[in-house]
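K.L.:
whatever this is, show me its structure:
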Amino acid sequence: MMAQYLAIRAANPGALLFYRMGDFYEMFFDDAVAAASALDIALTKRGTHEGQPIPMCGVPVHASEGYLLTLIRKGFRVAIAEQMEDPAEARKRGSKSVVARDVVRLVTPGTLTEESLLEARRHNYLAAFAQVRDEGALAWVDISTGAFQVMDCPLPRLAPELARLAPREVLACDRGLDEVVGDAGAALTDLHASAFDSGAGARRLCALYGVETLDGFGQFSRPELAAMGAIVDYLDMTQKGKLPLLRPPVREKAGGAMQIDAATRRNLELTQALSGGRDGSLLAAIDRTVTAPGARLLERRISAPSRDLALIQARHDAVAGLTGDPRLMADLRSALARVPDMDR
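P.N.:
Numbers count the residues shown, from 1 in each chain. Here you go, the predicted model:
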């Protein structure tokens with residue numbers, strides 16, 4: 001069993017391994033020491049390895065999501081290894097045969113899909129930044145809703161754009177971005193440069209959407225293709241080939257929204273108060289939405305105020321139309337309160 005564990009652990013470097021054993025996910029060696037400290041659970045021992053006791057800890061499968069959320073919020077990545085067969089099948093190969101196990105998913109801050117791990121009224125963005133020569137691009141996706149967007153983004157604009165989007169995880173192949181990504185409150189995941197190859201990125205996207213060319217979705221620059229391709233490649237790796245449904249990529253126009261630098265955004269307390277939470281922010285003061293998608297939409301609009309006068313006037317007219325008809329507004333709010341989170 002330990003030989004199997006060590007083989008699976010070696011194939012998934014950089015992640016804690018949740019190793020399924022019956023009704024528990026067990027962790028061993030350094031993983032057990034780190035997880036026991038992070039989760040405040042008992043650290044025990046089981047057997048020996050090279051003459052030394054093996055540290056061990058575990059969490060019940062039925063309660064694993066709460067522990068998983070704690071680990072993700074503390075910056076860990078978790079590989080989940082499930083039993084791929086019934087123990088009775090393993091015993092047919094011999095009394096000492098080990099149940100086949102394999103990693104079925106790599107859980108990271110930007111790839112959460114479980115409803116219990118997501119904040120209903122906030123997006124959970126996974127972003128990727130790519131540079132080709134002197135040009136840069138930023139792509140981002142929320143795999144819980146399928147929203148997939150990309151934009152040109154020179155390096156000097158990266159910090160304010162990350163502050164606007166507040167992604168949970170950023171993919172890059174430049175370790176020099178540690179400070180910029182850290183200031184945005186995101187986890188930085190370093191990928192090999194091959195993941196950001198624009199040609200390979202275009203092929204990945206064509207394969208994902210089953211098309212010969214991406215022309216029907218728009219004209220994308222090489223950095224944009226590289227950033228989007230890196231996201232698709234990373235999702236394929238973390239989801240073990242079971243890609244989530246992603247909507248066709250949408251190219252965001254530069255200059256369509258007001259540019260707000262990170263320090264100004266923080267001091268204006270648009271979506272987050274200086275104390276760190278939502279309470280006390282502009283968003284908390286005005287959010288009266290009755291659906292989770294509505295709350296996420298409101299946060300997007302506050303984070304990126306439009307500079308399009310026609311769009312601003314249309315929004316004002318829509319608000320005026322509803323506030324001018326209180327009965328319609330009340331009926332609409334009552335109906336919306338019964339609507340599930342269709343985006344997710």
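K.L.:
remind me which helix or strand residue 138 belongs to.
P.N.:
Residue 138 is part of strand 135-142, with elements assigned from DSSP states H and E.
K.L.:
which neighbours does that strand have in its sheet, and in what orientation?
P.N.:
In the sheet containing strand 135-142, its partner strands are strand 126-132 (antiparallel), strand 147-152 (antiparallel), by DSSP bridges.
K.L.:
pull the distance from that strand to the chain's centre.
P.N.:
Offset of strand 135-142 from its chain centre (CA atoms, centre = their mean, to the nearest Å): 14 Å.
K.L.:
CA atoms of the lowest-mean-pLDDT helix or strand in the chain as CSV?
P.N.:
Of all helical and strand segments in the chain, the minimum by mean pLDDT, DSSP states H and E falls on helix 87-91, at a mean of 81. The C-alpha trace of helix 87-91 is given here as CSV (Å, rounded to 0.1, in the frame of the first residue of the first chain):
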residue,chain,number,x,y,z
PRO,A,87,-12.0,-4.2,-2.4
ALA,A,88,-13.7,-7.6,-3.3
GLU,A,89,-12.3,-7.2,-6.8
ALA,A,90,-8.8,-6.7,-5.5
ARG,A,91,-9.0,-9.8,-3.3
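K.L.:
just checking, what packs against it?
P.N.:
Using 3 or more CB pairs under 8 Å, 6 or more residues apart in numbering; DSSP states H and E as the contact test, no helix or strand touches helix 87-91. No exception for glycine: its C-beta is placed from N, CA and C like everyone else's.
K.L.:
any buried residues in it, and which?
P.N.:
Across helix 87-91, burial judged by 16 or more other CB atoms under 10 Å covers residue 90.
K.L.:
helix or strand right after it?
P.N.:
Where DSSP H and E defines the elements, the next helix or strand beyond helix 87-91 is strand 101-107.
K.L.:
helices or strands next to that next one in the packing?
P.N.:
So strand 101-107, by 3+ CB pairs under 8 Å, 6+ apart, packs with helix 2-10, strand 16-21, strand 78-83, helix 222-238.
K.L.:
give me whichever of those is most buried.
P.N.:
Comparing the helices and strands packed on strand 101-107 by mean neighbour count (mean count of other CB atoms under 10 Å), helix 222-238 ranks first with a mean of 24.
K.L.:
distance from that helix to the middle of the chain?
P.N.:
Here helix 222-238 is found 13 Å from its chain centre; the criterion is CA atoms, centre = their mean.
K.L.:
quick check: next helix or strand after that helix?
P.N.:
Next along the chain after helix 222-238, taking DSSP H and E as the criterion, comes strand 250-251.
K.L.:
what's that next one packed up against?
P.N.:
In this structure, strand 250-251 packs against strand 147-152, with contacts taken as 3+ CB pairs under 8 Å, 6+ apart.
K.L.:
what's the domain layout of this protein?
P.N.:
With domains defined by the TED database, the chain comprises 1-107, 116-251, 262-337.
K.L.:
helix, strand or coil for residue 62?
P.N.:
helix (DSSP: H, G, I helix; E, B strand; the rest coil).
K.L.:
identify the residues contacting it.
P.N.:
For residue 62, the contacting residues are residue 23, by CB atoms under 8 Å, 6 or more residues apart in numbering.
K.L.:
and if we set it to 7 Å?
P.N.:
Counting by CB atoms under 7 Å, 6 or more residues apart in numbering, residue 62 touches no other residue.
K.L.:
what bits of the stretch 201-344 of the chain have low per-residue confidence?
P.N.:
For the stretch 201-344 of the chain, applying pLDDT under 70 flags no range at all.
K.L.:
show me where it has helices.
P.N.:
Taking DSSP state H, counting those that start in this stretch, the helices of the stretch 201-344 of the chain run over residues 222-238, 262-268, 282-286, 292-303, 309-323, 326-336.
K.L.:
TSV for those, including distance to residue 155?
P.N.:
What follows is the helices of the stretch 201-344 of the chain, written out as TSV (distance: least, CB to CB, whole Å):
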stretch	distance to residue 155
helix 222-238	11
helix 262-268	14
helix 282-286	29
helix 292-303	21
helix 309-323	29
helix 326-336	41
